[in-house]
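Peer 1: A predicted structure for the sequence below; I have some questions about it.
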Amino acid sequence: MHLCKIYDTFFSPSFSESGQYTIEVNVSHRIDQFSNTVRFYILTNKAFHGSCVTTIKYPLHTVLSSKSIMGRISNKTLLIELPRLEFKAGITNTSLLVHCKFDIFRNLVSDTIQMKLLPPSAVFSKDVRYLQDSTLDEIQSTNEKSITFIVGKEQYVISKKLLYATNSNYFKKICFTHDKKEKDMTNELKNYELQAFKMMLIYIKTSSVELRDYDMLKKLLIIAHRYDVVALKLTCEHYLLHYITIQNAVELVQLAFSTNAKFLERHSTAFIKFNITEIMDTKEFQNLPKEYSNKMIESL
């Protein structure tokens, strides 16, 4: 990839039918090895909620790396980052292929607060509501402008503005009632919940989160429901539907019932209705608790 030696930044042709997306490749030429990286960003004038799987092939038919993110994707969102050492010199075929697969979640959030002070390049939907100036002033007047969440051995510093912007009753209450610099969540969470809570904090800070597996998405949905982070909850609902099968459809409906996940409930029950003959033969359906079976029958 000789371009890395010549240019600091170069761009892909525009893509999608409307040509609204472009990939920016940014090459760092710093001497220290840690910062000597190649970063791939998406450029767009219209932000969206969804997911993106970015796959880098180099040489052309060899997968060098792949990464998935989900959440709010806007202009200059980092898709993937690789050390320059990955692009080995001396390869005859120096073509680089960047493959991006987007899933855009339509009508994801109709009542999500976004921060008023975000960069002007971000474009929000007509349904977005902003924080009132009086609320911003009230948050800014508090002694501590941010809170450090301690989760196990890790710490996450998040501004109160971002916490309030989640529109979560839990985090809004913290903004006004928690007067300490730190909040230790370790004892509040079970061991198997720690990773999901960390991912939720990353989502609050960045508006996106790296995709995990099916089990992690279930845990993340439960955590987002418990702490009332609506945008993350809806994102998890959408993405869990990518994993729906005859075998796990009943499990997903139960999860939807227990977390009041209406989008997941509606589409899971539709899937069950369409495949009812096969699903009725599964042990998951036959062992369904009566409270859930009655609720499912009502939904069907």
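Peer 2: Noted; the coordinates are in hand. Numbering: from 1, shown residues only.
Peer 1: just the buried positions in stretch 218-231, please.
Peer 2: Of the residues in stretch 218-231, 218-231 count as buried by neighbour count, 16 or more other C-beta atoms under 10 Å. In short, each C-beta sits where N, CA and C put it, glycine included.
Peer 1: ugh, wrong one, I meant stretch 46-66
Peer 2: Buried, per 16+ other C-beta under 10 Å, within stretch 46-66: 47-59, 64.
Peer 1: pLDDT check: weakest of the residues you listed?
Peer 2: Note: of the buried residues of stretch 46-66, the lowest pLDDT belongs to residue 59, at 76.
Peer 1: related to what we said a few turns ago, now secondary structure, distance to residue 251 and pLDDT too, for the buried residues of stretch 218-231, in TSV please.
Peer 2: Putting these into TSV (DSSP: H, G, I helix; E, B strand; the rest coil; distance: C-beta to C-beta, whole Å; pLDDT from 0 to 100) gives the following:
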residue	secondary structure	distance to residue 251	pLDDT
218	helix	8	96
219	helix	13	96
220	helix	16	96
221	helix	12	97
222	helix	13	97
223	helix	18	97
224	helix	18	97
225	helix	16	97
226	helix	19	97
227	coil	22	97
228	coil	23	96
229	coil	22	95
230	helix	23	92
231	helix	24	90
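Peer 1: just the residues contacting the helix or strand in which residue 216 is found, thanks.
Peer 2: According to DSSP states H and E, residue 216 maps onto helix 214-226. Outside helix 214-226, the residues within contact range by C-beta atoms under 8 Å, 6 or more residues apart in numbering are 192-193, 195-197, 199-200, 209, 211-212, 230, 232-233, 236-237, 239-240, 243, 248, 255, 258-261, 264.
Peer 1: can you give me the offset of it from its chain's centre?
Peer 2: Its chain's average C-alpha position is 12 Å from that of helix 214-226, according to C-alpha atoms, centre = their mean, to the nearest Å.
Peer 1: again with stretch 161-177
Peer 2: 19 Å.
Peer 1: in strands, which of the contacts of helix 214-226 fall?
Peer 2: residue 209 (DSSP state E).
Peer 1: now, the contacts of helix 214-226 that are in helices?
Peer 2: If you go by DSSP state H, those have 195-197, 199-200, 230, 232-233, 236-237, 239-240, 255, 258-259, 264 in helices.
Peer 1: hang on, the earlier thing: can you select the buried ones among the contacts of helix 214-226 for me in ChimeraX?
Peer 2: In ChimeraX, a selection of the buried entries from those looks like this (16+ other C-beta under 10 Å):
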select :193,195,196,197,199,200,209,211,212,230,232,233,236,237,239,240,248,255,259,261,264
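Peer 1: where does the stretch 151-300 of the chain dip in pLDDT?
Peer 2: 211-212, 299-300 (pLDDT under 70).
Peer 1: redo that, cut-off 80
Peer 2: 210-212, 289-300 (pLDDT under 80).
Peer 1: surely residue 168 meets residue 231?
Peer 2: No - the pair residue 168 and residue 231 does not pass the contact test of C-beta atoms under 8 Å, sitting 9.6 Å apart.
Peer 1: if we can go back for a sec, got a markdown table for the buried residues of stretch 46-66, with distance to residue 37 and secondary structure too?
Peer 2: A markdown table is the format used below for the buried residues of stretch 46-66 (distance: C-beta to C-beta, whole Å; DSSP: H, G, I helix; E, B strand; the rest coil):
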| residue | distance to residue 37 | secondary structure |
| --- | --- | --- |
| 47 | 25 | coil |
| 48 | 26 | strand |
| 49 | 27 | strand |
| 50 | 25 | strand |
| 51 | 23 | strand |
| 52 | 19 | strand |
| 53 | 20 | strand |
| 54 | 15 | strand |
| 55 | 18 | strand |
| 56 | 13 | strand |
| 57 | 18 | strand |
| 58 | 15 | coil |
| 59 | 20 | coil |
| 64 | 13 | strand |
